[in-house]
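> Return atomic coordinates for the entry below.
(2 chains)
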Amino acid sequence: MTNGDSGLKALHNPDIPVPEELQSTIAITSLDRIYNWCRARSMWPLLFGLACCAIEMIAAAASRYDISRFGMEVMRPSPRQADLMIVSGTVTKKMVVPIVRIYNQMAEPKYVLAMGACASGGGPFKEGYNVVSGIDKYIPVDVYVPGCPPTPQALIHGFLTLQKKIESQSLRTVPWYRSGESTAIPIPLLGPDIIDPRQAELIRRQAEQAAAQAAAAPSEA
Amino acid sequence: MYGLGILKGMGVTLKHFLDTYIEDLRFLGKGKRTDVAFNLRQSGSNQRLGLFTVEYPEEKIAVPERFRFIPFLVINNLDAEEDPGKIWCTSCGICAKVCPPQCIWIVRGTDPETGRPKPEPEEFYIDIDICMNCGLCAEFCPFDAIKMDHDYELASYDRTTHHIFDKARLSKEFRYWRSIAPTISAEEAEARGGWEHKDVLKEKAKAARTADKATGAS
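Prediction:
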């Protein structure tokens, strides 16, 4: 949201009463709220575009819609410095490998916004031989923005939805302050078809079944 | 002289910066966020001054009438005299056939007494994360029952529970369609011969014809 007095008012903890005339200068709040308030208002997106949705993303960053009003204008070219990955466009099977790799390289806390029909569910290419039908099959997605492509205003609505999600998180439960290392997502294997290593066991079992059936079939004939 | 171009560019930026103050003075007391001020800022007129950024959640650019987003199903107005809330769709399935990304799923309704199909969908699903907003369904619908919506604020956290719209979520009153697209809906009504559903109009015409015949015969 816009900063200034409304931003400060958003910080108030409703459990602690503050006089009306002091509300624009003083805020009594919890650590969670101030932590989330700072994070939500400085989301740095990762700079990459995949297809036509990227044009709308660029339009949202340009002066007419200007996502710097939300502290988002710093599009980082490096995943190490970015908080938000905007998957803007069709994810081909060849492209999903670098996307998962980039996602693994991003520092926690990290968020993913699936922008447009292709990134969310495959869109018109959902049955294409070379397209991943939805990036959520590989990486966890926080916000889905429908549209083909979403207008800049629809994308900004997605950002605001993400801000609401961030503000609902708590320091006590967020995964990146728990002990132990966070697990990286296994990189999909690009061959004749894309293979998710997490499903390798299932694929192996199905292949064995198919082989057994194929072996049984000629003996009957 | 070197650097003149940079200075010129900076001058333009400075002019815009100063113009924002003039604009503030012009709408002093009336508020910068009034419709008049906003429309002037967004217009191409030479009266326009200062920033033209759309401060989105507070102010929105009005979408054009032929703007297309997710489709919706037209139902009768809920306070209509005849059949309030009756869905216009006859579940013919043409929209599902022409849909390029195949995001429409219709279950045809059956009459529980006779067991024969009735012209009304039992269920109607649109996966809005597949929909490519092409508008072919609205173009092909012979009953003007499916139309393209203008509501684009649909982002959510879960695709399977929020982004597969069912019949209840898709249904919107005819009044809404008239309000978002006054010109198009008027053109369509003219082509149909009235504001009601095509079938209702046909029934009415038939009734009028038989009444005419009865008076002519007697």
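> Count the neighbours of the nearest residue to residue A:148 once chain neighbours are set aside for me.
Setting aside the residues directly before and after it, residue A:148 is nearest to residue B:132 in space (Cβ to Cβ, 6 or more residues apart in numbering or on different chains), at 4.1 Å. To be clear about C-beta, it is placed using only N, CA and C from the backbone, and glycine gets the same treatment. Using other Cβ atoms under 10 Å in any protein chain shown, residue B:132 has 20 neighbouring residues.
> my read is residue B:132 is in a helix, agree?
No: Residue B:132: not assigned to a helix; according to DSSP: H, G, I helix; E, B strand; the rest coil it is coil.
> for it, what are its contacts?
Neighbour list for residue B:132: A:117, A:123-124, A:148, B:100-101, B:103 [criterion: Cβ atoms under 8 Å, 6 or more residues apart in numbering or on different chains].
> and if we set it to 7 Å?
Contact analysis of residue B:132 by Cβ atoms under 7 Å, 6 or more residues apart in numbering or on different chains lists A:117, A:123-124, A:148, B:100-101.
> which of the residues you listed sit farthest apart?
Of all pairs drawn from the contacts of residue B:132, the greatest distance, 11.3 Å, lies between A:117 and B:100 (Cβ to Cβ).
> more crowded one of these two?
Under the criterion of other Cβ under 10 Å, the comparison of residue A:117 against residue B:100 puts residue A:117 first, with 33 against 13.
> So that one versus chain B, what's the distance?
6 Å (Cβ to the nearest Cβ, to the nearest Å).
> Grab the nearest non-local neighbour of that residue.
Counting by Cβ to Cβ, 6+ apart, the residue nearest residue A:117 is residue A:123, at 3.3 Å.
> Give me the pLDDT for that neighbour.
pLDDT for residue A:123: 89.
> Is the closest residue to residue A:197 other than its chain neighbours within a helix or a strand, and which one?
Excluding its sequence neighbours, the residue lying closest to residue A:197 (Cβ to Cβ, 6+ apart) is residue A:186, at 3.9 Å. Under the criterion DSSP states H and E, no helix or strand holds residue A:186.
> Residue A:186 and residue A:43, how far apart?
According to Cβ to Cβ, to the nearest Å, residue A:186 and residue A:43 sit 27 Å apart.
> Those two: who's more crowded?
residue A:43 (22 against 15).
> Let me see the domain layout of chain A.
A:43-169, A:189-220 (automatic domain parsing).
> what does chain A put close to chain B?
Within chain A, the residues that sit near chain B (Cβ under 7 Å from any Cβ of the partner chain) are A:1-2, A:63-66, A:69, A:117, A:120-124, A:126, A:136, A:142-148, A:150-151, A:153-154, A:156-158, A:160-161, A:165.
> Okay, now the unreliable bits of chain B?
Along chain B, segments meeting pLDDT under 70 span B:31-33, B:218.
> Which residue ranges make up the domains of it?
Domain segmentation of chain B under automatic domain parsing yields B:1-61, B:71-206.
> Please see if the first one touches chain A.
Which is domain B:1-61. Yes: shown here: domain B:1-61 in contact with chain A (Cβ under 7 Å from any Cβ) through B:52-57, B:60-61.
> Can I get the longest helix seen in chain B in PDB, CA atoms only?
Counting residues, the longest helix in chain B under DSSP state H turns out to be helix B:4-26. Taking Å, rounded to 0.1, in the frame of the first residue of the first chain, the C-alpha atoms of helix B:4-26 are listed here in PDB:
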ATOM      1  CA  LEU B   4      24.100  18.900 -23.100                       C
ATOM      2  CA  GLY B   5      21.800  16.000 -23.900                       C
ATOM      3  CA  ILE B   6      21.900  14.800 -20.300                       C
ATOM      4  CA  LEU B   7      21.100  18.300 -19.000                       C
ATOM      5  CA  LYS B   8      18.100  18.500 -21.500                       C
ATOM      6  CA  GLY B   9      16.800  15.200 -20.200                       C
ATOM      7  CA  MET B  10      17.200  16.200 -16.600                       C
ATOM      8  CA  GLY B  11      15.400  19.400 -17.400                       C
ATOM      9  CA  VAL B  12      12.400  17.400 -18.600                       C
ATOM     10  CA  THR B  13      12.400  15.400 -15.400                       C
ATOM     11  CA  LEU B  14      12.700  18.600 -13.400                       C
ATOM     12  CA  LYS B  15       9.800  20.200 -15.300                       C
ATOM     13  CA  HIS B  16       7.600  17.200 -14.500                       C
ATOM     14  CA  PHE B  17       8.600  17.300 -10.900                       C
ATOM     15  CA  LEU B  18       7.700  21.000 -10.600                       C
ATOM     16  CA  ASP B  19       4.500  20.400 -12.500                       C
ATOM     17  CA  THR B  20       3.300  18.100  -9.800                       C
ATOM     18  CA  TYR B  21       3.200  21.100  -7.400                       C
ATOM     19  CA  ILE B  22       1.300  23.200 -10.000                       C
ATOM     20  CA  GLU B  23      -1.200  20.300 -10.300                       C
ATOM     21  CA  ASP B  24      -1.500  20.100  -6.500                       C
ATOM     22  CA  LEU B  25      -2.300  23.800  -6.400                       C
ATOM     23  CA  ARG B  26      -4.900  23.400  -9.200                       C
END
